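In: quick one: sequence and predicted model below, then my questions.
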Amino acid sequence: MTPASAARVTRVLTGAFTFYLVLLISAQVILYYLPRSIFSLETDQVDLLIDSMIVYGGVLLLAGYGWSLAMRARRVPPPVPRVLAFVFILGGMALSDTLVGVFFPPQLPIDEVFELHVDRGWTNRPNNRKPLTGMTMHFDENGLRKDPHEERAESTDATRILFVGDSVTLGYYHTARDAYGRQAIDLLKQRYPGANLAGLNGGTCGYDTRQECHWLNEIGLKLEPDLIVLQFCLNDVTHQFDPAFGQDISRHGEFLTITRRTCRSGIRRAISKLVMRWRFGRDLHAAAEQIERFAIEDILEEVPDAHVERAWRIVLSELKRFVDQCRSSEVALVLVCFPARAQMERSDVSRDPQERLARFAESESIPYLDLLPAFRAAFGAGADAVKASFVDSTHPTVAGHRVAGEATAAFLEASGMLSDALATGAGRD
């Protein structure tokens, strides 16, 4: 390429790029001034549009200046057109990405209940106070739920009972005082006014046995509990967490409310959002809830299929790890199983999950409390029983938590676990 032909190519390239910018800015101006009845933009999209117009305007001034220089040039070094072509292609892609980003704005960081965890997927954010299902969740420095209306002034010689579990233990839908663990502790304090009892709420929404086992090793045992009450929910079998799946909201809706890093690329955000809509529909929250609502029925079949049996093998192996961790740390353990709503609808629904856990507890010589009899004794069976005892497929009402708390307190007394824990706590003085 001669210097003269290079000059002609340079004029074409700079002119084409300048014209491209004029078209983009014109499109932005039209979008900005279109009546909202024809095309509506959210506030954050309007802000992005204005910012991109300012950036495009600055680039247009530079491109126009370059084009004016190219129009006067008669000779240009041959490498210049190749460099300009490379720069203009990259610049055009970047500017197009910015415009696409207006229609697919970055997701604002969600300052919610959870934060990402490399091994457990998510965990309660320490020292956090955020709303969840209509209730404000308060968490201490260890991510334990606390009662904001009660100053925690626990002496070091208090007998600490740690309640580990998922959203049932956390007290989903309810205040911290309504959670079954807190109700059990309050009852025991009334019956043993001289005892220095402290209840610790180690529940985390969506956790299964594997995650609880990891949490116990990382946080729970460091709290030096004298007794651990492990709550088991039937969806521990159906919704097991596997780190290999990453942030898969089809398995775990908790990832919808985690502070996430925002992707900078508008095109990538567009592709990601379109793919998610194709997979799960427009309402991602509804998709996550729908999957949660129907999966639990699988383990209540009279003859469980192969994937249910495989899930049970995984769960029981993780339960064994949990038991072994408690034994190696010389901490007493009680296993408590909550029923599912489906088991309250009819008295003839399968009790296979509870029977499996009973056999496991017997083989491991650990105390086991099946709450299904207590729930049926308190509420009966049928539509009225379901309404009184459960908010949804797995979460009890306040009355359900009260029944669970009373049954747990009575079981800890009758089994001798409470007296052992009090003796252990007193021996730490």
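Out: Okay, I see it. Numbering: from 1, shown residues only.

In: tell me where this structure has strands.
Out: 114-117, 121-124, 129-132, 135-138, 159-165, 197-203, 227-232, 332-337, 368-370 (DSSP state E).

In: now those strands as CSV including distance to A176 and mean neighbour count?
Out: Where C-beta positions appear, they are placed from N, C-alpha and C, glycine not excepted. Formatted as CSV, those follow (distance: least, CB to CB, whole Å; neighbours: other CB atoms under 10 Å):
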stretch, distance to A176, mean neighbour count
strand 114-117, 17, 18
strand 121-124, 13, 24
strand 129-132, 12, 14
strand 135-138, 7, 16
strand 159-165, 12, 26
strand 197-203, 7, 24
strand 227-232, 15, 26
strand 332-337, 18, 23
strand 368-370, 22, 22
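
In: would you convert those into CSV that also reports mean pLDDT and distance to R74?
Out: CSV is the format used below for these (pLDDT from 0 to 100; distance: least, CB to CB, whole Å):
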stretch, mean pLDDT, distance to R74
strand 114-117, 82, 60
strand 121-124, 88, 65
strand 129-132, 80, 67
strand 135-138, 84, 72
strand 159-165, 96, 80
strand 197-203, 95, 77
strand 227-232, 98, 83
strand 332-337, 97, 87
strand 368-370, 98, 92
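
In: out of these, nearest to E309?
Out: Closest approach to E309 among the strands of the chain (CB to CB): strand 227-232, 17.6 Å.

In: quick one, the closest one and strand 332-337 angle?
Out: 20 degrees (axes from the mean of the first three to the mean of the last three CA atoms, to 10 degrees).

In: export strand 227-232 to CSV, keeping only CA atoms.
Out: These are the backbone C-alpha positions of strand 227-232, laid out as CSV (Å, rounded to 0.1, in the frame of the first residue of the first chain):
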residue,chain,number,x,y,z
LEU,A,227,-25.4,-29.8,73.4
ILE,A,228,-26.2,-29.7,69.7
VAL,A,229,-29.8,-30.1,68.4
LEU,A,230,-29.7,-31.0,64.7
GLN,A,231,-33.0,-30.3,62.9
PHE,A,232,-33.7,-32.5,59.9
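
In: tell me what that strand is packed against?
Out: Identification of packing neighbours for strand 227-232 by 3 or more CB pairs under 8 Å, 6 or more residues apart in numbering; DSSP states H and E yields strand 159-165, helix 180-191, helix 209-218, strand 332-337, helix 398-414, helix 417-426.

In: hey, which of these is tucked in deepest?
Out: strand 159-165 (a mean of 26; mean count of other CB atoms under 10 Å).

In: list the neighbouring strands of that one plus their orientation.
Out: Applying DSSP bridges, strand 159-165 is found paired with strand 197-203 (parallel), strand 227-232 (parallel).

In: if I look at the residue nearest the centre of the chain, how far off is R120?
Out: Centroid-nearest residue in the chain, with CA atoms, centre = their mean: E254, separated by 2.1 Å. Per CB to CB, to the nearest Å, E254 is found 10 Å from R120.

In: distance of T159 from L197?
Out: 5 Å.

In: list of residues touching stretch 338-351?
Out: 168, 231-235, 296-297, 300-302, 354, 371-372, 375-376, 379, 381-383, 385-386, 389-390, 392-394, 396, 404 (CB atoms under 8 Å, 6 or more residues apart in numbering).

In: in helices, which of those appear?
Out: 168, 235, 354, 372, 375-376, 379, 383, 385-386, 389, 404 (DSSP state H).

In: what sits against the nearest residue to Q28 once chain neighbours are set aside?
Out: In space, and not counting its chain neighbours, Q28 is closest to M53: 4.9 Å by CB to CB, 6 or more residues apart in numbering. By CB under 8 Å, 6+ apart, M53 lies in contact with 25, 28-29, 32.

In: and those as a markdown table, adding distance to R313, pLDDT and neighbour count?
Out: Below are the contacts of M53 laid out as a markdown table (distance: CB to CB, whole Å; pLDDT from 0 to 100; neighbours: other CB atoms under 10 Å):
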| residue | distance to R313 | pLDDT | neighbour count |
| --- | --- | --- | --- |
| I25 | 62 | 86 | 16 |
| Q28 | 58 | 83 | 19 |
| V29 | 63 | 86 | 12 |
| Y32 | 59 | 81 | 13 |
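
In: separation between the closest residue to E318 other than its chain neighbours and L227?
Out: Excluding the flanking residues, the one nearest E318 by CB to CB, 6+ apart is T209, at 4.0 Å. As judged by CB to CB, T209 and L227 stand 19 Å apart.

In: how's the protein carved up into domains?
Out: Here the domain parsing of the chain from automatic domain parsing is 3-103, 114-262+305-426.

In: excluding its backbone neighbours, what's nearest G64?
Out: Nearest to G64 is T18, by CB to CB, 6+ apart, at 5.5 Å.

In: quick one: the one you found and L60 touch, right?
Out: Yes - if you go by CB atoms under 8 Å, T18 and L60 touch, sitting 6.9 Å apart.

In: the more surrounded of these two?
Out: Remark: of T18 and L60, T18 carries more neighbours, 21 against 17, as counted by other CB atoms under 10 Å.

In: low pLDDT regions in the stretch 51-200 of the chain?
Out: Across the stretch 51-200 of the chain, the ranges flagged by pLDDT under 70 are 106-111, 151-156.

In: tell me which residues of stretch 34-41 come out buried.
Out: Neighbour counts using 16 or more other CB atoms under 10 Å place L41 of stretch 34-41 among the buried residues.

In: which residues are contacting it?
Out: Under CB under 8 Å, 6+ apart, the answer for stretch 34-41 is 31, 49, 102.

In: could I get the residues you listed as TSV with distance to R321?
Out: Formatted as TSV, the contacts of stretch 34-41 follow (distance: CB to CB, whole Å):
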residue	distance to R321
L31	57
L49	53
V102	50
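
In: min pLDDT across the ones in helices among the contacts of stretch 338-351, which one?
Out: Of all these, N235 has the smallest pLDDT value, namely 86.

In: would you agree that residue is in contact with H395?
Out: No - contact criterion CB under 8 Å: N235 and H395 do not qualify, at 10.3 Å.

In: okay, and the common contacts of these two?
Out: Joint contacts of N235 and H395 (CB under 8 Å, 6+ apart) do not exist.

In: about what we covered before: which PyMOL command selects the buried ones in the contacts of stretch 338-351?
Out: The buried subset of those, as determined by 16+ other CB under 10 Å, is captured in PyMOL by this line:
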select buried, resi 168+231+232+233+234+235+296+300+354+371+372+375+376+379+381+385+386+389+390+393+394+396+404
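
In: contact partners for the closest residue to A378 other than its chain neighbours?
Out: With CB to CB, 6+ apart as the criterion, A378 has its nearest non-adjacent residue at 4.6 Å, and that residue is V403. Counting by CB under 8 Å, 6+ apart, V403 touches 371, 374-375, 378-379, 389, 396.
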